[in-house]
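Asker: here's a sequence, model it:
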Amino acid sequence: MKNMNPDLQAHLDEGTTTLSWCWRIARADGVSFGFTDHDRTLRFDGTVFEPDSGLTASEVRSGSDLSVDAQDAEGVLTSDRITETDILDGRWDNADVEVWRVNWADTGQRVLMRRGAIGQIRRGRLAFVAEVRSLAHVLGQTVGRTFQATCDAELGDARCGVDLEDPAFRGMGTVLDLLRDRAFTASGLGGFASGWFTFGTIEWTSGANTGRRAEIISHDVADGIAVLTLLEAPVRSIAEAATFTIRAGCDKRMEACAAKFANAINFRGFPHIPGQDAVLRYATKDGGHEGGVL
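Answerer: All right, here's what the predicted structure looks like:
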């Protein structure tokens, strides 16, 4: 049940209405935007809702069960606020969305229709379609721990406890030479052994990718020069002389947790669970499979 503004209800009862859709979107990087399908700018709650994006809304797809309700918002890529590069860069992924129904003649008459998050974004040559998922999508996320041999904590989080700002696990480097779209050589990392930053992260501090973070798939050392390969190529090309902060990675094994980070006490996996050989083995006459303690 929605609490309808009495003035808005009176406006709806008139039969002839002046209604529009408004979207307030808050990205994970803290930047907020307001869009409307009306032909002029609207303002309320400290947000400016601009028509320049050309956003239009589809019907709301919903059901009586716990499936995720959805609505599509379609817009053009010519807006300077919604660019193809930002979409490819993931800046709009899972952004918080509020969808309002507003009387554009009097924005005090409005009702919050739904809250959700940006889901799948489909791109064309000149336009995009963003799926606005309801809060029910949270119910589909995994909750709780998984019984597995490897650690399920995120390196550096509260459960892990490793301080990634420690100079032993953190370095600063500069791109020397671009080898491929996601591989390059770097200076400033001579004090770290090969593989130290494998599965770690890199955060760009200058260049076109400033502020963006990427995962590292491999870290090698050749003739004293670090060779880094990213899991995915950045949307914006890596430039020579671009600087970055790099943090160590973990392969989630008990051995690495103890030897590399001296953090075995906080290991969040189950390293002693039986493997497939124990699960699939069968009784034999040699007496080694009688069901006793391994």
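Asker: let's see stretch 216-236 as CSV, backbone CA atoms only.
Answerer: Listed next in CSV are the C-alpha coordinates belonging to stretch 216-236 (Å, rounded to 0.1, in the frame of the first residue of the first chain):
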residue,chain,number,x,y,z
ILE,A,216,45.5,-8.9,-11.7
ILE,A,217,45.6,-12.3,-13.2
SER,A,218,49.4,-12.7,-13.2
HIS,A,219,52.6,-10.9,-12.0
ASP,A,220,55.9,-12.0,-13.4
VAL,A,221,59.4,-10.5,-13.1
ALA,A,222,61.7,-10.4,-16.2
ASP,A,223,65.2,-8.9,-15.9
GLY,A,224,64.2,-7.1,-12.8
ILE,A,225,61.1,-5.5,-14.5
ALA,A,226,57.6,-6.4,-13.3
VAL,A,227,55.2,-7.7,-16.0
LEU,A,228,51.5,-7.4,-15.0
THR,A,229,48.5,-8.9,-16.8
LEU,A,230,45.0,-7.8,-15.9
LEU,A,231,42.0,-10.1,-15.8
GLU,A,232,40.2,-7.8,-18.2
ALA,A,233,41.3,-5.0,-20.5
PRO,A,234,40.2,-1.5,-19.2
VAL,A,235,37.7,0.3,-21.3
ARG,A,236,40.1,3.2,-21.6
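Asker: okay, now the unreliable bits of the stretch 101-250 of the chain?
Answerer: The model of the stretch 101-250 of the chain has pLDDT under 70 over residues 122-129, 134-142.
Asker: ok, which stretches of it are strands?
Answerer: Secondary structure of the stretch 101-250 of the chain, counting by DSSP state E, counting those that start in this stretch: strands at 110-123, 127-134, 170-180, 183-187, 201-204, 213-222, 225-230, 243-247.
Asker: now mean neighbour count and distance to Leu164 too, for those strands, in JSON lines please.
Answerer: Where you see a C-beta, it was placed from the backbone N, CA and C, and this is true even at glycine. Listed next are the strands of the stretch 101-250 of the chain as JSON lines, based on neighbours: other CB atoms under 10 Å; distance: least, CB to CB, whole Å:
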{"stretch": "strand 110-123", "mean neighbour count": "16", "distance to Leu164": "28"}
{"stretch": "strand 127-134", "mean neighbour count": "20", "distance to Leu164": "32"}
{"stretch": "strand 170-180", "mean neighbour count": "16", "distance to Leu164": "6"}
{"stretch": "strand 183-187", "mean neighbour count": "19", "distance to Leu164": "18"}
{"stretch": "strand 201-204", "mean neighbour count": "20", "distance to Leu164": "9"}
{"stretch": "strand 213-222", "mean neighbour count": "16", "distance to Leu164": "12"}
{"stretch": "strand 225-230", "mean neighbour count": "19", "distance to Leu164": "17"}
{"stretch": "strand 243-247", "mean neighbour count": "20", "distance to Leu164": "5"}
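Asker: alright, calling it a day.
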